[in-house]
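Need coordinates for the following:
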Amino acid sequence: MDQSALSQIEDSFKSLSISEQLLLIERLVHQVHQGTLKQRTDLDNELALMAADPEIQDELERIEQEFSCAAADGLENI
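Model prediction:
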């Protein structure tokens, strides 16, 4: 969005009453929150698909075997 569009929105916002400004802010925050939840859900779904992928599981197993000698290094599992 270019600066002139933002300036127009800000000018329009200033012309609203305080109660209208608050209502608009609440609606915008709700919209941003919903978008964030959708992104989080999308990411969770992608991670679940990756975790179920046999190739990824095989690669994780190879990595675990490669670093198994470090398992006794005295570090605690978290």
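
other SSEs contacting the helix or strand in which residue 12 is found?
Residue 12 belongs to helix 3-14 when assigned by DSSP states H and E. Judged by 3 or more Cβ pairs under 8 Å, 6 or more residues apart in numbering; DSSP states H and E, helix 3-14 is in contact with no other helix or strand. The C-beta positions use only the backbone N, C-alpha and C, and glycine is treated the same way.

and the helix or strand containing residue 49, what's its mean pLDDT?
Using DSSP H and E, residue 49 sits in helix 18-52. Regarding helix 18-52, the rounded mean pLDDT is 93.

Next secondary structure element downstream of that helix?
Helix 18-52 is succeeded, C-terminally, by helix 54-66 (DSSP H and E).

Need the residues that contact that following helix.
50, 51 (Cβ atoms under 8 Å, 6 or more residues apart in numbering).

Only alpha carbons, please: show it as CSV.
What follows is helix 54-66, C-alpha atoms only, in CSV (Å, rounded to 0.1, in the frame of the first residue of the first chain):
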residue,chain,number,x,y,z
PRO,A,54,7.8,-41.2,5.3
GLU,A,55,10.8,-39.5,3.6
ILE,A,56,11.0,-37.0,6.4
GLN,A,57,10.6,-39.7,9.0
ASP,A,58,13.5,-41.6,7.3
GLU,A,59,15.7,-38.5,7.2
LEU,A,60,15.0,-37.8,10.9
GLU,A,61,15.9,-41.4,11.8
ARG,A,62,19.2,-41.0,9.8
ILE,A,63,20.0,-37.8,11.7
GLU,A,64,19.2,-39.4,15.0
GLN,A,65,21.5,-42.4,14.2
GLU,A,66,24.2,-40.0,13.1
